[in-house]
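> build the 3D model from these lines:
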Amino acid sequence: MKANVCGRQIAKEALDKYYHSGQSEFVAVFGRRRVGKTFLIREYMEDEMVFQFAGMANSTTDKQLQRFAQTLSHYTGTEPAAITDWLDAFYRLERYLEHIPSSGKKVVFIDELPWLDTPRSGFIPALEAFWNGWASARKDILLIVCGSVTSWMMDNLINNHGGLYGRLTGQIPLAPFTLAECEEYFLSRGMHLSRYEICEAYMIFGGIPYYLNAIDPQRSLAGSVDFALFNPNGPLYNEYDHLFPAMFRRSENYIKVVHALADRQYGMTRGELLEHTHMTSGEGITRVLSNLERCGFIRRYSPMGGKEKYYQLVDFYVLFYHRFLKDRQKIEPAYWTHIQRTSTFYQWAGTRFELLAIQHAEQIKRALKIEGVQTDMYSLRTYGSHGDTQIDAVLQRADNTANLCEMKFTEGLYTIDKSEDLNLRNRLQALRELLPKRMSIQLTFITSYGLQSNPYSNQVTQTLTMDDLF
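Reported below is the predicted structural model:
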């Protein structure tokens, strides 16, 4: 395995475990479009790979089989032989694998698996026969599959109840880069962005490597955003139009849910979504919400003191699209450069920094030195004598302590004034009324560069900066 692949420590450790196990493994790698599934497997497992094949979009079974025969001939060093069907294809793959000398696992990578399952192709039964009847009985095969059509991966592999039910021996959900991984990625490209800029880039593109690659080292960050997203010739100008259709069959239902959630900063309940989208209750919305959550587009959470689950849109690129790009034909191409340091920019950055911090909850726990403490994260909404209260993050800990977290994204030290002090006291009181009396509360600020010391800052227990999120 290659050691120079940026980030992805959890995924790389999982691949190592499956490679070094004493049995054959069948592993599915899944995640949102552009998150880097194919790149990770090809780069990290390159030296161990003995066969890789990728399905072709919008192609016939005959063409797929022809391409499979050509790929196999490349590995065997023989002329391509006609393949009659997928059973024949996998049989020939078995014969090839049996004659490869290897001191370790033989890694077989089949990419874009959903594109191979064309109507009446017989691909799924043939894959089942390959794994159930041959590979699983050996100890030297690591079969890795992935595909962009997430709904197919979920329905036919991960949640399959047919011949592949329970046959997967491993699943690797590939999440976006963390802030630290983004920093490593930029440095690998010779780009020395400040951590403030990396946070801003994350709040626009998320930790999606393909999107981050659109940041041009020869331009400013704002200039890169303008070209990539606002310019019709930019590499990501039409990305949103392809995002959900490429990932989900019947994508119109996914788009309905995403559009509904885009207008609600703190999310909606299942009932509210059903009412808003006019979808029917049952398997349809259940599958949509489950797939969106597993791909990281949404998160499910419970407000403190409430029993209902809320679904919140948390994909930064999708949020940015709905906030700024949906009607970009009406605005100037250099829009993002022109709104820097304006109230529009700061309002957007403030709400997105809250989400950025929540997405890095483990880093916050590490900075607070409570990694080993069982912790639940909640949001809080109350309506009472102290006024309407919204707290974005409460860490309720098993050590009888709760952290009320405030997130602020500024270009310098953040200053708590008299008005903010009153709001903080109301939030502390609202939280106190919900918590058991035995629990203490710590007021925790997470800011870009820290707090300005003044009489109002004395009630703050801990101050973390964006560096702690890295």
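
> what about Ile41, how many neighbours?
24 (other C-beta atoms under 10 Å). C-beta coordinates here come from the backbone N, C-alpha and C atoms, glycine included.

> that one and Tyr335: what is the separation?
37 Å (C-beta to C-beta, to the nearest Å).

> what's the mean pLDDT across stretch 101-115?
Stretch 101-115 shows a mean pLDDT of 92.

> flag every buried residue along it.
Going by neighbour count (16 or more other C-beta atoms under 10 Å), the buried part of stretch 101-115 is 105-115.

> wasn't Arg7 part of a helix?
Just so we're on the same page, residue 7 is Gly rather than Arg. No - counting by DSSP: H, G, I helix; E, B strand; the rest coil, Gly7 is not found in a helix; it is coil.

> residues contacting the least confident helix or strand in the chain by mean pLDDT, please?
In the chain, no helix or strand scores lower on mean pLDDT, DSSP states H and E than strand 375-384, which sits at a mean of 77. The contact list for strand 375-384 (C-beta atoms under 8 Å, 6 or more residues apart in numbering) reads 266, 301-306, 310, 358, 361, 365, 388-398, 427, 430-431, 433-434.

> how about Leu116, what does it touch?
Here Leu116 is in contact with 55, 64, 86, 110, 123 (C-beta under 8 Å, 6+ apart).

> pLDDT weak spots in the stretch 101-250 of the chain?
160, 162-163 (pLDDT under 70).

> now do the helices in it.
123-133, 150-153, 179-188, 195-205, 209-212, 221-225, 239-247 (DSSP state H, counting those that start in this stretch).

> so of the buried residues of stretch 101-115, which ones are in strands?
106-111 (DSSP state E).

> pretty sure Ile441 sits against Leu435.
Yes - the criterion here is C-beta atoms under 8 Å, and Ile441 meets it with Leu435 at 7.1 Å.

> common neighbours of those two, please.
With C-beta under 8 Å, 6+ apart as the test, Ile441 and Leu435 both reach Ala402.

> please, where are all the strands along the stretch 201-350 of the chain?
268-269, 298-301, 310-313 (DSSP state E, counting those that start in this stretch).

> hey, which of those strands is tucked in deepest?
Counting by mean count of other C-beta atoms under 10 Å, strand 310-313 has the highest mean neighbour count of the strands of the stretch 201-350 of the chain, with a mean of 22.

> using PDB, list the CA coordinates for that strand.
Provided in PDB are the C-alpha atoms of strand 310-313 (Å, rounded to 0.1, in the frame of the first residue of the first chain):
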ATOM      1  CA  TYR A 310     -34.800  16.700  12.600                       C
ATOM      2  CA  TYR A 311     -33.100  16.400   9.200                       C
ATOM      3  CA  GLN A 312     -30.600  19.200   8.400                       C
ATOM      4  CA  LEU A 313     -28.900  19.900   5.100                       C
END
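
> who's in contact with it?
With C-beta under 8 Å, 6+ apart as the criterion, strand 310-313 contacts 257-258, 261-262, 264, 266-270, 273, 289, 293, 297-303, 319, 379.

> switch to 7 Å and redo it
With contact meaning C-beta atoms under 7 Å, 6 or more residues apart in numbering, strand 310-313 is reached by 258, 261-262, 266-269, 273, 289, 297-301, 303, 319.

> kindly report the same for stretch 57-69.
Against stretch 57-69 from outside (C-beta under 7 Å, 6+ apart): 53, 55-56, 80-83, 89, 115-116, 118, 121.

> then stretch 248-265?
With C-beta under 7 Å, 6+ apart, stretch 248-265 has contacts from 149-152, 244-245, 267-268, 273, 276-277, 279, 284, 288, 291-292, 297-298, 311-313, 318-319, 322, 351.

> show me which of those are buried.
Buried residues within the contacts of stretch 248-265, counting neighbours by 16+ other C-beta under 10 Å: 149-152, 244, 267-268, 273, 276-277, 279, 288, 291-292, 297-298, 311-313, 318-319, 322, 351.

> where in the stretch 351-470 of the chain is pLDDT low?
Scanning the stretch 351-470 of the chain for pLDDT under 70 picks out the ranges 382-387.

> chain center to stretch 116-124, what's the gap?
Its chain's C-alpha centre and that of stretch 116-124 lie 29 Å apart, by C-alpha atoms, centre = their mean, to the nearest Å.

> same check, this time on stretch 288-305
Chain-centre distance of stretch 288-305: 12 Å, with C-alpha atoms, centre = their mean.

> CA atoms only for that stretch, dumped as CSV, please.
What follows is stretch 288-305, C-alpha atoms only, in CSV (Å, rounded to 0.1, in the frame of the first residue of the first chain):
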residue,chain,number,x,y,z
VAL,A,288,-34.4,9.0,0.4
LEU,A,289,-33.5,10.3,3.9
SER,A,290,-31.4,7.2,4.6
ASN,A,291,-29.3,7.5,1.4
LEU,A,292,-28.9,11.3,1.8
GLU,A,293,-27.7,10.8,5.4
ARG,A,294,-25.3,8.0,4.5
CYS,A,295,-23.8,10.1,1.8
GLY,A,296,-23.3,13.1,4.2
PHE,A,297,-25.7,15.5,2.5
ILE,A,298,-27.9,15.7,5.6
ARG,A,299,-27.6,14.9,9.3
ARG,A,300,-30.2,13.6,11.7
TYR,A,301,-30.3,15.1,15.2
SER,A,302,-32.6,15.6,18.1
PRO,A,303,-33.0,19.0,19.7
MET,A,304,-32.3,18.9,23.4
GLY,A,305,-35.5,18.3,25.3
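
> contacts for that stretch?
With C-beta under 7 Å, 6+ apart, stretch 288-305 has contacts from 31-32, 150-151, 154, 173, 175-176, 248, 253-254, 257-258, 261, 309-315, 318, 378-381, 394, 434.

> returning to what we had before: of the contacts of strand 310-313, which is the nearest to Asp417?
Nearest to Asp417 among these is Tyr266, at 24.9 Å by C-beta to C-beta.

> who's in contact with the closest one?
The contact partners of Tyr266, by C-beta under 7 Å, 6+ apart, come to 310, 312, 379.

> quick check: buried residues in the helix or strand containing Ala402?
Ala402 is part of strand 401-408 when elements are defined by DSSP states H and E. Within strand 401-408, the residues that qualify as buried are 401-408, counting by 16+ other C-beta under 10 Å.

> returning to that earlier point: dump the helices of the stretch 101-250 of the chain to TSV, plus distance to Pro455.
Compiled in TSV, those are given as follows (distance: least, C-beta to C-beta, whole Å):
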stretch	distance to Pro455
helix 123-133	67
helix 150-153	52
helix 179-188	33
helix 195-205	28
helix 209-212	42
helix 221-225	37
helix 239-247	47
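
> and of the ones you listed, who's closest to Arg167?
Closest among the helices of the stretch 101-250 of the chain, using C-beta to C-beta: helix 123-133, at 5.9 Å.
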